[in-house]
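In: The following comprises the amino acid sequence and a computationally predicted model.
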Amino acid sequence: MTIGFAFTGSFCTFGTVFPVLEALTKKYEVIPIVSANTALIDSRFGSAQDHWGRITELCGRPPLSTIPEVEPIGPKKLLDALIVAP
C-alpha cells in the first residue's frame, strides 16, 4: 500500500504528526507532500529546513512540494490513501 502524507502549515501540530508518520513508514510506502508554507516558513515550532530534513529521513525521499510534482498523483493513481495532517 502506498500512502500520501500531506503536511499543511499547521506547525503547532507537527510534534503530534511526526510520530504518526514514523509509524506509517514502518508498514507502508509513504510519499510525503508539503504545502508551500511548510516548505518555506520557519516558525517557533521549527525551521522549514529541519522539517524537510526530518520528513526526508523518515520517508526515505524528499517531499513533493510543487504543483507539477503532485499533479500526476491523481491521474496516475499513485496512492492508495492520502492523509492530510491536520
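Out: Structure received.
In: Secondary structure class of the residue of the chain most remote from its centre, three-state.
Out: In the chain, the residue that sits farthest from the middle, by C-alpha atoms, centre = their mean, is Pro75; the gap is 19.7 Å. Following DSSP: H, G, I helix; E, B strand; the rest coil, Pro75 is assigned to coil.
In: Next, give phi and psi for it.
Out: phi -60, psi -30 (degrees, to the nearest 10).
In: Give me the pLDDT for it.
Out: pLDDT recorded at Pro75 is 96.
In: Same question for Gly9.
Out: For Gly9, the model assigns a pLDDT of 88.
In: how much space between the residue nearest to it when sequence neighbours are not counted and Phe11?
Out: Spatial nearest neighbour of Gly9, chain neighbours left out: Asn37 (3.3 Å); criterion: C-beta to C-beta, 6 or more residues apart in numbering. All C-beta spots, glycine's among them, are computed from the backbone N, C-alpha and C. Distance from Asn37 to Phe11, counting by C-beta to C-beta, to the nearest Å: 8 Å.
In: just Arg54 next, same as before
Out: 13 Å.
In: what about the two, which has more around it?
Out: Neighbours were counted for Arg54 and for Phe11 using other C-beta atoms under 10 Å; Phe11 has more, 19 against 16.
In: what ranges do the strands span in the protein?
Out: 2-7, 29-34, 81-85 (DSSP state E).
In: quick one, which of these is nearest to Pro19?
Out: Between Pro19 and those, the shortest separation by C-beta to C-beta is 11.3 Å, and it involves strand 81-85.
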